[in-house]
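Asker: Provided below are the primary sequence and the corresponding predicted coordinates.
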Amino acid sequence: MVKNAVMMLTSLFVACLFLTGCDSSKPEPYLSVQIDQDEYDPEKWGKAYPLHYESWLATKDPKPVGKSRYKRGWDTDKVVYDKLSEFPFLGLLYQGWGFGIEYNEPRGHYYAVIDQIEIDPSRVSPGGVCLACKTPFHREMTETHGMDYLTKPYLEAVAMLPEKLQELGPACYDCHLPDPMELTFKKAHLEKALDMIGKTDTSRQELRILACAQCHVTYYVPRDAGMKVAGDVILPWQDGKWGDISIEGIIEDLLSDSSRLEWTQKVTGFKMPFIRHPEFELFSRGSVHFNAGVACADCHMPFTRSGSYKISDHDVTSPLKADLTACAQCHTQSKEWLTDRIFHTQDRTTSLILRAGYSAATCARLFETLHQAKDQGAAVDEAVYTEAKNHYIQAFLRVVFINAENSSGFHNPAEAGRVLGDAIAFSGKSEALLRQLLANAGMDPGLEVALDLGKPLTNRGRANLNFRPEQEFIDPFGIQEKLLSDEARGL
Ligand code: HEC
Ligand code: HEC
Ligand code: HEC
Ligand code: HEC
């Protein structure tokens, strides 16, 4: 495999010589502008690297529409895609906190802080701590102002940042030392997490992954007994190893301490942890590309021509929206073949996400019914109940993990399929136990459980958001509608 990768990289270099005539395109020359160790302002970096600055600024521009099937972020149609409409079961499963109110597909880095300012305020209710994966100032602010900054209401925390750079998202400072040829990472939470998994030295290719893993990882915001923010974000990696941060380990970590339970799921009343954008974790768990030594930057920041110079593309986006030029650095197959391979995986992952999501939603409604029965005095076997609950939480967190991961399975197709298969199995077991408990309580939930998704999806938050049927992902294989009627979905 490694030999293959080396051969591919060598052929990449040779192909590059032929295809683009790299001999004539050269790296951008270093202009003798001094960049300070602590220079946060990209405009200053731009004085030395104008082409990189311009490329970085382009994350502001909408991307070509119609190229990506599942990551329609904010393209030239300028539609913001609502994850709760794409996957309607999320409306029920996430009801109880911000994610169940407004949850959008990502767009370019330029919008990282802006989108937080614009989204429903419930999403940033923890306060300053929400800036961890957004502003380059987070570490300095945390070190200087501690809990005062971390727990400040979100907009007030933003106002504590230097005025000119309050809306600045991922910046040169985050990924580079003043000599930008030296890549780095600055986030304290990643440093601590790498300590946790015993990862000490890092190769250059690993830095091309870790620069992104500063933010494209899952985390929890620790809470005190009163559910108040109790510190900076922490990555739940205590059971992980480099190249092996599994969903099993993440769940074990998250469930090991009540301070990691961040919200209460409305339909079940269960206190729950959560999982956010685990791109690094899924990708690095033995994917073909990770094992072949391929980095995030290889696919999301390919070399591109800028005038007569050749630079790493800093307009980070979906490779599909960049016409898969990144893949062509290593693959000789056609663009059509590569596109087909991506969709092949994503169609299958999405089909399974629907299966796993609706199965978990079915259990959630059964818990709701059982809890009502309990309230009315029905006797419920506690041991069976606990087992049903544990299986349900295992299923739910697996659904969240793959659904929150932003590649729709592409980063690690086999692992994504495995995790979703297990989610379906856990839900199946939980549903069987729940039906048994309900039967014992003299209740019959019917052959099909009414999910009633219309209610949680209607009139959400400050902007009164509603279900947008045109955005929904329909099972590409037509299986889901055979398993669940429209009536049961209740949309
Ligand atoms: C400082 C945190 C941070 C770093 C570092 C970072 N990202 Fe992001 N990334 C984000 C956030 C936040 C968003 C979503 C922004 C939004 O939707 O407003 C995002 C969005 C994206 C998107 C979606 C863009 C689109 O057009 O829809 C891609 C792709 C991406 N990042 C890849 C990467 C890669 C690859 C790296 C490393 C080279 C990286 N990111 C480094 C925080 C970061
Ligand atoms: C082998 C190529 C490859 C590698 C390596 C790779 N990605 Fe991706 N990534 C993709 C593809 C393909 C997609 C799917 C894009 C789509 O569906 O439009 C994607 C999607 C994404 C998205 C969502 C993009 C969007 O428009 O919303 C993010 C964020 C992302 N990747 C981050 C990362 C990070 C972080 C890493 C490293 C930990 C990484 N990727 C490694 C190919 C790659
Ligand atoms: C999310 C991380 C990230 C951000 C933000 C970022 N870069 Fe980079 N940059 C990279 C990566 C990855 C490379 C490839 C470096 C390598 O392979 O060693 C790179 C390479 C470079 C290079 C070396 C030449 C080249 O094109 O490969 C320069 C110069 C550079 N960046 C300048 C900048 C400037 C200026 C900014 C801000 C305007 C910036 N970068 C923002 C990740 C980032
Ligand atoms: C830096 C080099 C590199 C880049 C960039 C790259 N790949 Fe790959 N890709 C590889 C290597 C190496 C393998 C493993 C080949 C092998 O061992 O046979 C591979 C394997 C694959 C496979 C087969 C995977 C499997 O599960 O067997 C697919 C599909 C694929 N790549 C698609 C893509 C797409 C799509 C992109 C762009 C988004 C891309 N690759 C970018 C190097 C790369």
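Answerer: Structure's in. What do you need? Ligands and ions are numbered 1, 2, ... in the order given.

Asker: C-alpha only now, for contacts and for neighbours.
Answerer: Will do.

Asker: Check what contacts stretch 168-176 and list those residues.
Answerer: 38-42, 45, 109-113, 134-136, 182-187, 211 (CA atoms under 8 Å, 6 or more residues apart in numbering).

Asker: Just confirm yes or no for that stretch near ligand 1.
Answerer: Yes. Stretch 168-176 is in contact with ligand 1 by CA under 6 Å from any ligand atom, via residue 170.

Asker: just the contacts of stretch 168-176 that are near ligand 1?
Answerer: Answer for the contacts of stretch 168-176 near ligand 1 (CA under 6 Å from any ligand atom): 109, 111, 112, 134, 211.

Asker: Using PDB, write down the CA coordinates of whichever strand or helix holds residue 455.
Answerer: Using DSSP states H and E, residue 455 maps to helix 454-457. Coordinates of each C-alpha in helix 454-457 appear next as PDB, following Å, rounded to 0.1, in the frame of the first residue of the first chain:
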ATOM      1  CA  GLY A 454     -44.200  17.600  11.200                       C
ATOM      2  CA  LYS A 455     -44.500  19.100  14.600                       C
ATOM      3  CA  PRO A 456     -40.800  19.300  15.600                       C
ATOM      4  CA  LEU A 457     -39.900  20.600  12.100                       C
END
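
Asker: Show me what that helix is packed up against.
Answerer: helix 89-93 (3 or more CA pairs under 8 Å, 6 or more residues apart in numbering; DSSP states H and E).

Asker: Now with 10 Å, please.
Answerer: Packing partners of helix 454-457 (3 or more CA pairs under 10 Å, 6 or more residues apart in numbering; DSSP states H and E): helix 83-86, helix 89-93.

Asker: quick one, which of those is nearest to residue 471?
Answerer: When the helices and strands packed on helix 454-457 are compared by CA to CA, helix 83-86 sits nearest residue 471, at 5.3 Å.

Asker: tell me which residues of the closest one are tucked away?
Answerer: Within helix 83-86, the residues scored as buried using 16 or more other CA atoms under 10 Å are 83, 84, 85, 86.

Asker: Can you name the residues that contact the second one?
Answerer: For residue 84, the contacting residues are 90-94, 99-105, 456-457, 466-468, 471-472, taking CA atoms under 10 Å, 6 or more residues apart in numbering as the criterion.

Asker: Just the buried subset of those residues, please.
Answerer: Buried among the contacts of residue 84 by 16+ other CA under 10 Å: 90-94, 99-105, 456-457, 466-467, 471-472.

Asker: could you pull out the strands for the protein?
Answerer: 263-264, 271-272, 303-306, 309-312 (DSSP state E).

Asker: So which of the ones you listed is nearest ligand 4?
Answerer: strand 303-306 (10.3 Å; CA to the nearest ligand atom).

Asker: Strand partners (parallel or antiparallel) of that closest one?
Answerer: Strand 303-306 sits in its sheet next to strand 309-312 (antiparallel), going by DSSP bridges.

Asker: hmm, the partner strand touching ligand 3?
Answerer: Yes. Judged by CA under 6 Å from any ligand atom, strand 309-312 and ligand 3 are in contact via 311, 312.

Asker: Quick one: mean pLDDT for that strand?
Answerer: Mean per-residue pLDDT for strand 309-312: 95.

Asker: Distance from the chain centre to that strand, please.
Answerer: The chain centre lies 28 Å from the centre of strand 309-312; the measure is CA atoms, centre = their mean, to the nearest Å.

Asker: Does it reach ligand 1?
Answerer: No. On the criterion CA under 6 Å from any ligand atom, strand 309-312 is out of touch with ligand 1, staying 10.0 Å away.

Asker: got it, and stretch 279-299?
Answerer: Yes. Stretch 279-299 comes into contact with ligand 1 (CA under 6 Å from any ligand atom), by way of 296, 297.

Asker: start to end distance for that stretch?
Answerer: 13 Å (CA to CA, to the nearest Å).

Asker: try stretch 295-311
Answerer: 17 Å.

Asker: begin at 46 from here
Answerer: Taking 46 as the first residue, the last one we looked at is stretch 340-356.

Asker: Buried ones in that stretch, by neighbour count?
Answerer: 340-351, 354-356.

Asker: Which one, of the helices and strands packed on helix 499-502, ends up nearest to ligand 3?
Answerer: helix 128-131 (24.3 Å).

Asker: got a pLDDT number for residue 118?
Answerer: Reported pLDDT for residue 118: 85.

Asker: just to revisit the earlier point, return the item of the buried residues of stretch 340-356 having minimum pLDDT.
Answerer: residue 351 (86).

Asker: Mind giving me the packing neighbours of the helix ranked longest in the chain?
Answerer: Among the segments of the chain that qualify as a helix by DSSP state H, the longest is helix 380-420. Secondary-structure packing of helix 380-420 (3+ CA pairs under 10 Å, 6+ apart): helix 134-138, helix 427-449, helix 458-485, helix 525-528, helix 531-534.

Asker: The first one - what's its average pLDDT?
Answerer: Confidence over helix 134-138 (mean pLDDT, whole number) is 98.

Asker: contacts for it?
Answerer: Here helix 134-138 has contacts from 128-130, 144-148, 310-313, 399, 401-407, 409-410, 441, 444-445, 448, 496-503, 505, 512, 534, using CA under 10 Å, 6+ apart.

Asker: one step back: in the ones next to ligand 1 among the contacts of stretch 213-221, find the pair that's most separated.
Answerer: Farthest pair in these, by CA to CA: 156 and 256, 18.3 Å.
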